[in-house]
Every structure is written in structure tokens, then in C-alpha cells.
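Colleague: just need the structure, nothing else, for what follows:
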Amino acid sequence: MRYMIPAPPGISPVKGNPWEPYPELEVKFWLYRRHYDAKSAAVPPPILPATSIVCQLARGTAPGMTPPIWMTTTLERHAVSMEPPRD
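Modeller: The predicted model follows:
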């Protein structure tokens, strides 16, 4: 696993960063194709226990940004069922 480098504060593909008031959406911005040096003592280990994984992450490129950035958001969802409970 390689750890992405966060983009500087204020970087957003949309003027005013509409995600900022909603931290629960977990939209983050990262330097495009930039990763921390794996040999650095400040970087978490490259292999994590499965129990540390909370959910999947979606990553995409923000088009039209100069320089380009990556955007991520978690795919964590809590299932909701409309079915009546089974006995």
C-alpha cells in the first residue's frame, strides 16, 4: 500500500469546496500521482491488518485542475432494509 500526499489546504476542483461543510462525506484531495516515501519512519506500514480496514475508497481525477489532483471519498454505507423482520 502506498500513502498519497494530501493536497495543500484550499485546493478544490469546484470553487468554494462545497464538500467542506459535510465532513461525514469524507471527500479529500491529494497531489496527483504523489506518494509518501515508503522508507520514511513517519509513514504507516505498507501492510495493514484486515481488522483496520473500515471500508473501500473511491479515487478519481479532478478534470481541468492545474495541477491535476486526486479526489477520494469513502464507500462506507449502512444497509437499510424495507423488508419486515423475519422470525
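Colleague: what kind of secondary structure is Thr51 in?
Modeller: helix (DSSP: H, G, I helix; E, B strand; the rest coil).
Colleague: who does the strand of greatest length in the chain pair up with?
Modeller: Longest strand of the chain, by residue count under DSSP state E: strand 28-35. Here strand 28-35 is paired, per DSSP bridges, with strand 4-6 (antiparallel), strand 69-74 (antiparallel).
Colleague: and for the first one, what's in contact with it?
Modeller: Identification of contacts with strand 4-6 by Cβ atoms under 8 Å, 6 or more residues apart in numbering yields Lys28, Phe29, Trp30, Leu31, Arg34, His35, Tyr36, Trp70, Thr72. (Each C-beta comes from the backbone N, C-alpha and C, glycine too.)
Colleague: of those - the most surrounded one?
Modeller: Phe29 (22 neighbours; other Cβ atoms under 10 Å).
Colleague: mind listing what Arg2 touches?
Modeller: Counted by Cβ under 8 Å, 6+ apart, Arg2 has contacts His35, Tyr36, Ala38, Pro46.
Colleague: pLDDT weak spots in the chain?
Modeller: 77-82, 85, 87 (pLDDT under 70).
Colleague: beta partners for the most centrally placed residue in the chain?
Modeller: Centroid-nearest residue in the chain, with Cα atoms, centre = their mean: Thr72, separated by 3.4 Å. Counting by DSSP bridges, Thr72 is bridged to Lys28, Arg59.
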